[in-house]
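Engineer: can you look at this prediction? I've put the sequence above it.
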Amino acid sequence: MTDVLIDVQNVTRVYTMGARTLYALRDVSAQVARGEFVAVVGPSGSGKSTLLNLIGGIDKPTNGQVWVDGARIDTLSENALAKWRRNHIGIVFQFFQLLPTLTALENVTLPLELRGDPARGRRARAVAMLERVGLGARLTQLPSELSGGEQQRVALARALVNDPPILLADEPTGNLDSANAEGIIALLRELADAGKTIVLITHEANLARAAHRTLAMRDGEIARAPNF
C-alpha cells in the first residue's frame with residue numbers, strides 16, 4: 001500500500017477482569033492509506049471499537065505498535081497524545097460525549113478554543129460546520145434539548161471543525177433517520193473525495209458501501225470481508 005498513514009502492527013489488547021482475561025484484539029495488523037475511506041464492520045464484541053480507540057490514541061495496546069503519520073503514538077505520554085489528537089484527529093464517539101452545559105455552537109467551538117485559534121473567526125467557522133450538517137437553526141440548544149440524531153450531528157461537526165486530516169467515527173449514522181443518514185453519508189463521501197482519511201465503524205450497509213474498502217473483524221481478529 002502506497003503512502004501508508006495508519007499502520008497498526010501486531011497489536012494485542014488484553015483486559016483483566018478479576019481472574020478473567022479478555023482478549024479484545026489478537027495480533028491484529030492493518031494499514032490505511034492517506035486519503036482512504038475505510039469502514040470497519042463486524043458483530044458486537046469483535047474488537048472494532050478497541051481498534052478505533054488505539055488508532056485515536058484513546059487506548060494503548062498490551063503488545064504491538066500503532067503508527068500514525070510517521071509517529072508511534074502508543075509510546076506518547078498523555079499530554080503529548082492530547083496535543084497530537086488536537087492537530088491530527090477528529091473523533092465521533094458512539095455516545096456523543098457532548099458537554100451538557102454548553103450549547104450546540106459552544107460544543108463545536110470548543111476544539112478551536114483548545115487549539116488556541118484566534119477568537120476572531122471561531123464562531124463563524126463553528127456556525128458554518130453546524131450548517132453543513134443541517135443544524136443551522138439549532139445553534140443555541142443544549143444537548144438535552146436535541147434529539148439523538150441532532151446530538152450525533154453536533155458531535156460530527158465538533159470532530160470536523162478543526163479540519164483534521166483523519167476522521168474516526170463510531171456508528172456516525174446509528175441514531176439518524178434515513179434522510180439525515182443519507183446526508184451524512186454524502187458528506188463523508190465528499191470529505192473522502194477531498195482527501196480526508198476516514199476510518200469508521202458501522203453496521204449500516206449503505207455506509208459500508210460508500211467506503212473505499214471494508215475491514216471486517218470477528219473475535220478480535222481481522223476476518224474475511226462481507227459482501228454489501
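Structural biologist: That came through, no problem. Numbering: from 1, shown residues only.

Engineer: what's in contact with the top helix by length along the chain?
Structural biologist: When the chain is parsed with DSSP state H, its longest helix is helix 178-193. Helix 178-193 is contacted from outside by 35-37, 132-134, 149, 153, 156, 160, 167, 172-173, 176, 198, 200, 204, 206-207, 210-212, using Cβ atoms under 8 Å, 6 or more residues apart in numbering. Using the backbone N, CA and C atoms, a C-beta is placed for each residue, glycine as well.

Engineer: show me which of those are buried.
Structural biologist: For the contacts of helix 178-193, a burial check counting by 16 or more other Cβ atoms under 10 Å picks out 35-37, 132-134, 149, 153, 156, 160, 167, 172-173, 176, 198, 200, 204, 207, 210-211.

Engineer: in strands, which of the residues you listed appear?
Structural biologist: Residues of the buried ones among the contacts of helix 178-193 located in strands (DSSP state E): 37, 167, 198, 200.

Engineer: would you mind giving those as a markdown table with distance to residue 97 added?
Structural biologist: Listed next are these as a markdown table, based on distance: Cβ to Cβ, whole Å:
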| residue | distance to residue 97 |
| --- | --- |
| 37 | 23 |
| 167 | 16 |
| 198 | 19 |
| 200 | 16 |
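
Engineer: wait, which of these is closest to residue 78?
Structural biologist: For those, the closest approach to residue 78 (Cβ to Cβ) belongs to residue 167, at 22.1 Å.

Engineer: quick one: low-confidence residue ranges for the protein.
Structural biologist: In the predicted model, the chain carries pLDDT under 70 at residues 1-2, 224-228.

Engineer: could you pull out the strands for it?
Structural biologist: According to DSSP E, the strands that the chain contains are 4-17, 20-33, 37-41, 63-68, 71-72, 89-92, 166-170, 197-201, 213-218, 221-223.

Engineer: can you list contacts of the third one?
Structural biologist: Contacts of strand 37-41 with the rest of the structure, by Cβ under 8 Å, 6+ apart, involve 32, 48, 51-52, 188-189, 192, 197-203, 207-208, 210-217, 225-226.
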